[in-house]
Structure formats: structure tokens, C-alpha cells
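Enquirer: Structure, please.
(chains A and B)
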There are 2 protein chains.
Amino acid sequence: MNFTLNSKRVFSLSLILTLAISTVRTANAQKEVDATKKDTIMEIAFIMFDDYETLDVFGPAEIFGRLVDRYSIKFYSLEGGIISNRHKVPIMTEKLDAMGVPPEIVVIPGGMGTRKEVDNLPLIERIKELSQASDYVLTVCTGSALLAKSGLLDGKKATSNKRAFSWVASQNTRVNWDKSARWAIDGKYYTSSGVSAGMDMSLGFLADRHGIDFARKVAKEIEYHWIENKDNDSFVAE
Amino acid sequence: MNFTLNSKRVFSLSLILTLAISTVRTANAQKEVDATKKDTIMEIAFIMFDDYETLDVFGPAEIFGRLVDRYSIKFYSLEGGIISNRHKVPIMTEKLDAMGVPPEIVVIPGGMGTRKEVDNLPLIERIKELSQASDYVLTVCTGSALLAKSGLLDGKKATSNKRAFSWVASQNTRVNWDKSARWAIDGKYYTSSGVSAGMDMSLGFLADRHGIDFARKVAKEIEYHWIENKDNDSFVAE
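Expert: Predicted coordinates for the structure are as follows:
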């Protein structure tokens, strides 16, 4: 074979190389953009239903919502439109079926409404689908009863509001219910105790992803006395 | 004069007396019903505007909203309809002008939106009217800047978020701004420091009206670590 290079061949080779390098560079650049986006903006879907507990939702919404460079929150419900509760807090929601790409994070609040929603099979089915497709699922208070009902917590550690603990635990006995945790983590599932514990868990989630200093900074900005120890819930009911 | 009573006169007199006693009794009973209603159900109007701070609103909304036998909460804005913020929390509000009887309590949240709303004269005027007609006015975070702008805090003690303190204080220098309080009370005006401090103040308000044990019970029910000391804000910014 003749390996001598004439000017035409050199030009052709260099053109091919340039194109190849350019293609690889473009692909890498796109990957970097996607990775940056993924790292900086995660979509969080709050699953709303009638008679949700106010702070279960808006405590985490304050914490994640203010981090506009990292998280983007949206509220959804089965039918869409205004969802309210016994506190009379009417929040506008989008229809679950109109959701496009599944969110990276699902948040399921608690509240007296969960007593009814554990038997709402279409809602439980949607919670199951979204939770399976997401990177993380966070439940507050009796919201863990809804997630437990989907079967996704089977064999996993989880907790809930200690005042409603026996009712929640009775919804699925295959879950390893933790009676003392402020919040529990098992893989991608974060479950918290009652109401304000959802804020402690959200800050704990930030600490796990962005470091303890970052989480403490957020707690300080919202002047919140963060209970940092997830394994000990001092609010366990008598 | 002849004071002898015949049977006809006795009957007439007793009829008049019975009617008079009955009328007084009915009036007293109505007064008691009104007093009971006044003591048990106080209406709370949250004054909403674009880019309010999420927890400034929904922390107090959780605390008062759950006490359905004592308080009833409603959300208002100048134009009515959906009001949202940079956290993307869309809340349904009623139009301020459609409000009937003024509420017993007005709550004014803070948030980045206050930077613009201090110059919204129709809003400041409505805040002034409602605050004058109400029994109590509670502000959270930079919400005190809006109340200060109305002139109602002139010569009164008030506080605000320590991170935005100089801006808030510059809105009205006739207010006795307290740089160290978690929340301040002057007559019917309650003003709190930033974000979560609104929850501490709301619990303090409950303590003032219903006793410390009642407030502690509510804090425990929502598993909130209540900072009870209104005179010392440990979150004072460096």
C-alpha cells in the first residue's frame, strides 16, 4: 500500500478529522448543558387533593420554591383547578393527566383528606406511576399512607405523623414503619413525621444533595429553627 | 290618686311586664350569641399581592386555619383572582372591594413584592382603611413596610426582617423600629421578623388571647419548634 500523502489527501484527512472532532465536541457540549440543567433545575410536582394540610405543602414549597436556580415547583391534582382544605386555603393546580415529562421529584402532603384518598384508586395509581418515574419521592405527615397504598414502600423504611401512626401503619403492614424518626430515608423515598417535620425533611434533603452548610444557610434565610436530627422526633405523641 | 287594683288592671299590668321582660330577655340572648360568636369566630383577612413570601402567608394560615372554632381565614387582593410569586405558588383571592363587613384581624405578609407595593397607593389606602376598622393587624417580614407606609405605625414600636431592616425602616422614620425583636406588639399592632417569625408571632398572638398552654398545644400539634421569646431574635443578620 502507498502511504505517501499528497496535498489533496492531507486536505481530505484534515477535513474528516475536523468534522469528527467538531461532532464529538458538540455532543459533549450538549451533554454538559443537560448535566448542568439536571443538576441545577429539578422539577418538583406537589400532588394535591381536597383537605390537604396547609403547612405540609407550603413549608416545603417555601424551601424549594426560593431556590429558583435549582428547583421549580408545580401543583397538580387529578381534575386540576382550585383545591382547598378545611383551613380554607385555595390553591390553583394543573391536571395530572396534562403533565408532560414526569418530574424529578414528587411531594405528597398529608392532611385529613388522606383518610378518603387512600381509597381513591385513580389517585393512588397516578402516585405510583409518577413515583416510579421520578428520582425522589417525598411525603409529609399522613402522605406516606398514600404512597404506602401504592405498594412502593413495601419492605422499605418509612415514617409518618405519630398522632396518626396506627392508622397510617394499618394501610400497609409490609412497610417497615419507624415510630421514632423525624424523617426516614430509604433509597429515593423520604417520608416525614407531622406538618413542620416536612420542613425539617426538606432541609435534610437539601443537605443530602448540596451539603449541610447549604441547608443551614437556607434554614437561616427563612429564620427557621431546623431540627437536624432525622432519627429522633421529640414530638412523638403520648 | 286611686291605687286600688282591679282584676282588669292587674291583667293589663302583668301583660305589659311580661312583654317587657320578654323583650329584654331576647335582646340579652342576642347579645350573648353575638358575644360568643365574636369570642369564638374571628375573621382573618390575608392581604395578598404579587411576589409575596410563601411561608409569611401559609405559616400563619396553618396556625389560625386549623382553629376552625375560633378563626376563619380568607385571602384578598386588589383585583381578586389568582395571585402568585417567584416561588410559583398560585393562591385564589377575593377582590378587596367586594369585602363586606371588615375582618376582625388583618394579616399583611412580606416578600420581594413589597418593594413595589410600597408605592401602590390604592393598596396602601385599603390597608389603612381595613387596619383602622379591625381589632388587630399582624404583619410578617417586610409586610411592616406596607403598614408603616399607611402611617398607622407612626410613633409605635414595630419590627421587620433584619435582612431588609434598613430598607423597611427607610419607608417611615416616624416608627420606633425595634432591631432586636422576634416580634413586637404595640396596642393592636403585631409585627414580626422574617418568614418563620410569622409563625412564632401567630403563636404569641394565640398565647395573648387564649393563654400560653393553648398556644403551646397548637405548636405541638403542628410539631413546630416555637421560639416563645418575642424580645430576642437569634436570626438577626450579621
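Enquirer: what does chain A have sitting close to chain B?
Expert: Residues of chain A lying near chain B by C-beta under 8 Å from any C-beta of the partner chain: A:53-55, A:57-59, A:61-62, A:65-66, A:68, A:72-75, A:82, A:85-92, A:161, A:163, A:193-197, A:220-225, A:227, A:233, A:235. Bear in mind the C-beta positions are built from the backbone N, C-alpha and C, glycine included.
Enquirer: Buried ones among these?
Expert: A:53-55, A:57-59, A:61-62, A:65-66, A:72-73, A:75, A:85-92, A:161, A:163, A:193-197, A:221-225, A:227, A:233, A:235 (16 or more other C-beta atoms under 10 Å in any protein chain shown).
Enquirer: separation between the spatially most central residue of chain A and residue A:74?
Expert: Geometric centre of chain A, nearest residue: residue A:105, 2.6 Å, by C-alpha atoms, centre = their mean. Here residue A:105 is placed at a distance of 11 Å from residue A:74 (C-beta to C-beta, to the nearest Å).
Enquirer: hey, what's in contact with both of these two?
Expert: Common neighbours of residue A:105 and residue A:74, using C-beta atoms under 8 Å, 6 or more residues apart in numbering or on different chains, are A:43, A:44, A:45.
Enquirer: Could you check which helix or strand contains the first one?
Expert: Secondary structure from DSSP states H and E places residue A:43 in strand A:42-47.
Enquirer: on that earlier part again, filter the buried ones among the residues of chain A next to chain B down to the ones in strands?
Expert: Using DSSP state E, the members of those that fall in strands are A:72, A:73, A:75, A:91, A:92.
Enquirer: how many other residues sit next to the residue nearest to the first one when sequence neighbours are not counted?
Expert: It stands for residue A:72. In space, and not counting its chain neighbours, residue A:72 is closest to residue A:43: 5.2 Å by C-beta to C-beta, 6 or more residues apart in numbering or on different chains. Neighbour count for residue A:43, taken as other C-beta atoms under 10 Å in any protein chain shown: 17.
Enquirer: Strands of chain A, residue ranges please.
Expert: A:42-47, A:71-77, A:81-83, A:91-95, A:105-108, A:136-139, A:157-158, A:176-177, A:183-186, A:189-192.
Enquirer: okay, the ones you listed in a markdown table with mean pLDDT and distance to residue A:170 next?
Expert: Formatted as a markdown table, those follow (pLDDT from 0 to 100; distance: least, C-beta to C-beta, whole Å):
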| stretch | mean pLDDT | distance to residue A:170 |
| --- | --- | --- |
| strand A:42-47 | 98 | 22 |
| strand A:71-77 | 98 | 26 |
| strand A:81-83 | 98 | 26 |
| strand A:91-95 | 98 | 29 |
| strand A:105-108 | 98 | 18 |
| strand A:136-139 | 98 | 16 |
| strand A:157-158 | 98 | 14 |
| strand A:176-177 | 97 | 10 |
| strand A:183-186 | 98 | 18 |
| strand A:189-192 | 98 | 16 |
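Enquirer: for those, which one ends up most surrounded?
Expert: Mean neighbours per residue, mean count of other C-beta atoms under 10 Å in any protein chain shown, is largest over the strands of chain A for strand A:189-192, with a mean of 28.
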